[in-house]
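Chemist: Sequence and predicted structure are below.
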2 protein chains.
Amino acid sequence: MKSKQQLSRREREKLQHRKDILQTALGLFCERGFHNVSMHEIAQKAEFAIGTLYKFFKSKEDLYRSIMLDIALIFNRSIKEVLLAKEISEVEKLRNYVRTKAQVFKNHSKAIKLFFAEVTGISFTCRAKLSEEIKKLQDENIENLKNVFEMGLEKGVFENIADPYYLAVSLHSITTSFLFLELEAPEKHPYPDNPDAILNIFFKNLLK
Amino acid sequence: MKSKQQLSRREREKLQHRKDILQTALGLFCERGFHNVSMHEIAQKAEFAIGTLYKFFKSKEDLYRSIMLDIALIFNRSIKEVLLAKEISEVEKLRNYVRTKAQVFKNHSKAIKLFFAEVTGISFTCRAKLSEEIKKLQDENIENLKNVFEMGLEKGVFENIADPYYLAVSLHSITTSFLFLELEAPEKHPYPDNPDAILNIFFKNLLK
DNA sequence: ATATAATGTGACGAATCATTCATTTTTTGA
DNA sequence: TCAAAAAATGAATGATTCGTCACATTATAT
């Protein structure tokens, strides 16, 4: 694959146009949802003709999937980086997971909101229809998280309180829930700065 | 309000027709989603004419909201019953919550899947648009769950490991996640029979 | 300068869908 | 039995949508 510098101006422009269209579509989809946004509207707001959109994306669904894949990749890369880091303790990895997830979430809140609405919500166009690639990225994240819990167990840092896979799913769903709560009402339900505010649910025992 | 026995045959039939339409629509919405099901199709499958649907529901959205409200009420009633029960310890209430939620989920899986897809997924027609009533029922559940954690703290049965509201949101999201996992692949990710398989995440401490 | 290729355009066709309403069918009560 | 009321019908309407394609514009290379 060519590096960015090796692309001709023409090619760079085309790439930028593609990005512009994606960005515009994302904004509209987030505001009003896939079905309530027409290709005409996207074209108009992106300042292209309809036909041009169809030069870039073979259908509305294809355009949508492209947005989702981009987001999934961004999200996946960040999380993987945290969970596969070398020389970091398991406990610290979990803390970084909670922190990083929040960062990525906030940086790309519009896009990620749409992504999670689709992926975790088992939404209308149902998870089964989501491109295999995106589903794989999701599962990969959970798997990596599971491995952290397993490694902690092996090293004897963690107690065996629940199936590592359960723990992974739990941490995933809790953090996602909190992030959505913050999105809805930032002042009322802020995502905690200190990761342990969440992780203590795992780390400490509720029962006396 | 009249009791069921006091309704005339005519009225009872009408009520049943309404139910039939709702049931049919629910099935179709679950399979293919709100936007991908036409009123014609619902009418056909329910064996009514289109016009008749509009005698019962003033619009497609109204029909949809009616389904959702029914489900939300069923779900809410069951959970409230468990969490507000008298003479039950906090720990046992949490166990019953985990168990009962699963039962209701399984009994009405089609409907509840649709409900959660909309409510937790911050779906397309966005949560804000969901009738206020449904949102209230949701929040009520979380609030009741929070109260259980608070009561446990007061009684000194629980340690103060995290904000009770956090704990409530966490348990809510974890159980929901697990139930969806089971829906997707019952053999691969079964919802545990023993509530403590989940609750130990709260009850025990991960850190040695 | 001119031919060729790459990009962009937007009117238009074909299809779908929610909703309406004039009409028919059924029920009711006298 | 029959007229008035209630319920059910489904063809027609009108709005909206996706996607196509013949054409226009712009860039590039000779």
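Modeler: Here it is on my side, so go on.

Chemist: Could I get the buried residue list for stretch A:186-194?
Modeler: Neighbour counts over stretch A:186-194 (16 or more other CB atoms under 10 Å in any protein chain shown) mark A:189, A:191, A:192 as buried. (Glycine included, C-beta is placed from N, CA and C.)

Chemist: To clarify, my last question referred to stretch A:94-106.
Modeler: For stretch A:94-106, the neighbour count (16+ other CB under 10 Å) marks A:94, A:95, A:96, A:97, A:98, A:99, A:100, A:101, A:102, A:104, A:105 as buried.

Chemist: thinking again about what came up before, can you tell me which of the buried residues of stretch A:186-194 are in strands?
Modeler: Counting by DSSP state E, the buried residues of stretch A:186-194 place none of their members in strands.

Chemist: List just the nearest of these to residue A:112.
Modeler: The closest of the buried residues of stretch A:186-194 to residue A:112 turns out to be residue A:191 (CB to CB; 13.2 Å).

Chemist: need the helix or strand of chain A with the lowest average pLDDT.
Modeler: The weakest-scoring helix or strand in chain A, judged by mean pLDDT, DSSP states H and E, is helix A:126-129 (a mean of 44).

Chemist: starting at the chain centroid, how far to the helix or strand that comes right after it?
Modeler: Later in the chain than helix A:126-129, the nearest helix or strand by DSSP states H and E is helix A:132-154. Distance of helix A:132-154 from its chain centroid, counting by CA atoms, centre = their mean, to the nearest Å, is 14 Å.

Chemist: go on, stretch A:106-113?
Modeler: Counting by CA atoms, centre = their mean, stretch A:106-113 comes out at 8 Å from the chain centroid.

Chemist: quick one: is that stretch near chain B?
Modeler: Yes: using CB under 8 Å from any CB of the partner chain, stretch A:106-113 reaches chain B at residue A:113.

Chemist: Tell me which residue is most central in chain A.
Modeler: With distances taken as CA atoms, centre = their mean, residue A:75 lies nearest the centre of chain A, 4.1 Å away.

Chemist: ok, that residue - contacts?
Modeler: Counting by CB atoms under 8 Å, 6 or more residues apart in numbering or on different chains, residue A:75 touches A:104, A:108, A:112, A:115, A:137, A:141.

Chemist: Residue of chain A nearest DNA strand C, please.
Modeler: Minimum separation of chain A from DNA strand C (CB to the nearest atom of the strand) falls at residue A:51, amounting to 1.8 Å.

Chemist: which strands and helices sit next to the helix or strand that contains that residue?
Modeler: Residue A:51 is part of helix A:50-56, with elements assigned from DSSP H and E. In terms of contacts (3 or more CB pairs under 8 Å, 6 or more residues apart in numbering or on different chains; DSSP states H and E), helix A:50-56 is packed against helix A:9-32, helix A:39-46.
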